[in-house]
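**Student:** Test case, fold it:
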Amino acid sequence: MALMESNTMQPGEKLIPFELKDQDGNRRTSEQLSADHALLLVVFTCNHCPYAVASWPVLIDLQNRYANELQIVAINPNNNPDYPDDHFEKMKPYVQTRGINFPYLFDADQSVARAYKAVCTPDPYLFRDGKLIYHGRLTDNWQHPEEVQEHSMELQIQAALGQAEAPRETFPSMGCSIKWVR
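**Tutor:** Numbers count the residues shown, from 1 in each chain. The predicted structure follows:
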């Protein structure tokens with residue numbers, strides 16, 4: 001497990017369109033996913049990375065509490081034969097076991113992750129009206145959720161909705177490196 005920090009995309013950068021299949025094999029587009037919500041949270045993640053595993057409950061909770069304003073979409077870019085836990089066939093059972101309540105897409109050729117310059121799992125990007133407003137960590141303590149002092153992503157969501165002030169400083173997301181296929 002190689003610890004990586006996300007690259008910083010600049011606020012205002014446009015949502016990069018994508019079309020990928022979800023855990024059930026249905027084609028989903030960024031346009032469909034962002035159509036009915038003010039905010040779209042795109043998260044590159046996977047099944048096996050401990051950082052990613054720890055982020056799933058946070059993401060599920062955010063989707064539950066902000067369902068009217070926010071659509072989350074998870075994208076698994078780890079189509080590497082050396083990491084069988086992340087293969088497409090494992091995604092549907094993973095969604096069912098974890099109770100994931102938003103689309104989980106498969107980036108089979110890793111082109112979407114490359115376009116976003118994603119480097120780690122999880123690597124979250126929050127968009128409003130098709131423009132990036134936040135690219136950084138979910139919380140300040142992935143290992144001990146009971147000790148979180150700053151719910152960074154939630155504060156960004158609340159700020160985008162006019163419910164709170166955004167943190168003054170942003171921190172990159174940290175996680176396992178994306179398992180690139182050369």
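**Student:** only C-alpha atoms for contact and neighbour calcs from this point on.
**Tutor:** OK.
**Student:** where exactly do the helices run in this structure?
**Tutor:** Using DSSP state H, the helices assigned to the chain run over residues 30-34, 50-65, 88-98, 111-116, 152-160.
**Student:** in the sheet, who's paired with the most centrally placed residue in the chain?
**Tutor:** Centroid-nearest residue in the chain: residue 43, 1.2 Å away (criterion: CA atoms, centre = their mean). Counting by DSSP bridges, residue 43 is bridged to residue 74, residue 124.
**Student:** Surely it and residue 75 touch.
**Tutor:** Yes. If you go by CA atoms under 8 Å, residue 43 and residue 75 touch, sitting 6.0 Å apart.
**Student:** tell me the most buried of the helices of the chain?
**Tutor:** helix 152-160 (a mean of 20; mean count of other CA atoms under 10 Å).
**Student:** Quick one, which of the helices of the chain gets closest to residue 130.
**Tutor:** helix 30-34 (8.0 Å; CA to CA).
**Student:** What is the distance between the closest one and the centre of its chain?
**Tutor:** 15 Å (CA atoms, centre = their mean, to the nearest Å).
**Student:** Residue 76: how many residues sit nearby?
**Tutor:** For residue 76, the neighbour count with other CA atoms under 10 Å is 27.
**Student:** Next, the contact list for it, please.
**Tutor:** 44-46, 86, 104-107 (CA atoms under 8 Å, 6 or more residues apart in numbering).
**Student:** For it, give its distance to residue 148.
**Tutor:** 26 Å (CA to CA, to the nearest Å).
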